[in-house]
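Asks: quick one, fold the following:
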Amino acid sequence: MSAKKVYGFLTQAFIFAVIMLISNGIAAIVPIPIPASVVGLVLLFVLLCLKVIKLEQVETLGTSLTSLIGFLFVPSGISVMNSLGVMQQYGVQIALVILLATIILLGATGLFSQLILSVSQKRQKETSADKQTVRRSNQENELVQH
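Replies: Numbering: from 1, shown residues only. Predicted structure coming up:
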């Protein structure tokens, strides 16, 4: 492995480490219980969108971590397996809560989407009506001038 590749990997790891350190601090300060990993993802996304960090600076390590995602979720699976007693005792209730939450989320998403579409369509109609009014006014002014 060349020194350039090692340096690139260490630079990317450092960027991820700094983002995770900052996200851990934010998660500890914010009164809402948001996992630091979620804060880190949002922070990385914002930094990429603002072009503070270029995709090339994190792409290689990000791709490597994505390829390992199944391995990284094994502890979560083991944790679920360790909680089989709870799953057996409350499995139906857990499934109902998940189903209900999914239905509520889908409904809220649909309603919010319809609201956004209706507001957007209303603005488009108002804009086109304003343009027509301006055209008529310009035509009337031209007729009056002739």
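Asks: for the spatially most central residue of the chain, which three-state class applies?
Replies: In the chain, the C-alpha nearest the mean C-alpha coordinate belongs to Val42, at 6.5 Å (C-alpha atoms, centre = their mean). Secondary structure, DSSP: H, G, I helix; E, B strand; the rest coil: Val42 is helix.
Asks: shaky segments in this protein?
Replies: 1, 75-77, 143, 146 (pLDDT under 70).
Asks: tell me what the biggest helix by length in it is packed against?
Replies: When the chain is parsed with DSSP state H, its longest helix is helix 84-145. Helices and strands touching helix 84-145, as assessed by 3 or more C-beta pairs under 8 Å, 6 or more residues apart in numbering; DSSP states H and E, are absent. C-beta: built from backbone N, CA, C; applies to glycine.
Asks: show me what contacts the residue nearest to the centre of the chain?
Replies: Under the criterion of C-beta atoms under 8 Å, 6 or more residues apart in numbering, Val42 has no neighbours.
Asks: if I look at it, how far off is Ala101?
Replies: Going from Val42 to Ala101 by C-beta to C-beta, to the nearest Å gives 21 Å.
Asks: over to the residue nearest to Ile53 when sequence neighbours are not counted: give its phi and psi.
Replies: Among residues not flanking Ile53 along the chain, Leu47 sits closest, at 4.4 Å (C-beta to C-beta, 6 or more residues apart in numbering). Here is the backbone geometry of Leu47 (degrees, to the nearest 10): phi -60, psi -40.
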